[in-house]
Structure formats: C-alpha cells, structure tokens
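Undergrad: Build me a model from this:
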Amino acid sequence: MYGSLTPTYDLLHGEELLTQIHPDRATYWRDHAWMAAIAMAAGMAILFFMGNPHVWTGAIGGLAAIGVRAFYVASDELKARWDLTNQRLMGPQGRAVRLSEIKEFRTLGSALQIITLSGDKHLLKYLADKTATRAVIQRAQAGGRP
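TA: Prediction:
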C-alpha cells in the first residue's frame, strides 16, 4: 500500500533483511523543542521590527504553532520505518532504493538524507544516531553486515 508508514515490498530472490531503522521518540521531541524555541524567537523578532508593543505574543504564537504540529504528526512520524536489506533500503509510502544506486549521504539535524544516482532524495528522520545509521547502510553497500 502506497500510504503505509512501513515498507510493503516483498523480498527479492536472494534478498535478506539486515536491520530495521526506526525514528527515536526522544530525538523527535528534542527536535521539536528546538523548532519551538526558534519559532518563538522569530515571532518575537518579527513583531519587534514591525513596531508591535506586544512582542511577547510572538513567543506564544511560535510555541503554539510548533506544539500543535508536534502533537498532530507525532503518531505518524514515530511509526515510520525503513528496512535495510542486502540489496535495498525500503521505506514508508512505497519508497525503495537499491544500495548500488545510492550516490551520496547528507545529514540535516537528526536526519540522514540519501541521494540516488538519478537525484532522488530520501530522508530518514529523527534518528538517535545518524552517523551510526549511515555507517550501517554503507557497510551493507559494501556487502558487509550491520
């Protein structure tokens, strides 16, 4: 199913599941706390530069916006899962990348972005240790085990 938060592909002939990559709950909430702090500061700065005498309301607005988002999407974001096999990295919503097609890795906060040879980008979000996750995928690419 395309909208599934977990991989729905059948394993190919000779393909073996090596590990599953799950988002980390503590990392999710930490990232949202940072986003809320930034949104609060930005809201206050905007109101200050607009000359609004009630600058403090920017903090409430920023906190409310990120807080609502955090609670609204937490159930979905924390259910997303990626499966790493000896041939592919399979993710939520029908995403699948052959390990041989992975060109580059980038890190963005607690996320790991995977870029393919064709330019497709996939984001593994809210990882407790993005460096270790990257190493596991690279070992699988080289034919090793995690």
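
Undergrad: OK, contacts around A39?
TA: Applying CB atoms under 8 Å, 6 or more residues apart in numbering to A39 gives the contacts 61-63, 65-66. Where you see a C-beta, it was placed from the backbone N, CA and C, and this is true even at glycine.

Undergrad: CSV please, covering those and showing pLDDT.
TA: Below are those laid out as CSV (pLDDT from 0 to 100):
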residue, pLDDT
G61, 97
G62, 97
L63, 97
A65, 96
I66, 97
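
Undergrad: Buried ones in the host helix or strand of M40, by neighbour count?
TA: Assigned by DSSP states H and E, M40 belongs to helix 25-50. The neighbour-count check on helix 25-50 (16 or more other CB atoms under 10 Å) flags 27-28, 31-32, 35-36, 39-40, 43-44, 47 as buried.

Undergrad: What is the nearest of these to R134?
TA: Using CB to CB, T27 is the member of the buried residues of helix 25-50 that lies nearest R134, at 15.1 Å.

Undergrad: quick one: pLDDT of that closest one?
TA: The score at T27 is 98. That number is its pLDDT.

Undergrad: That one is in contact with D129, isn't it?
TA: No. T27 lies out of contact with D129 (CB atoms under 8 Å); the separation is 9.1 Å.
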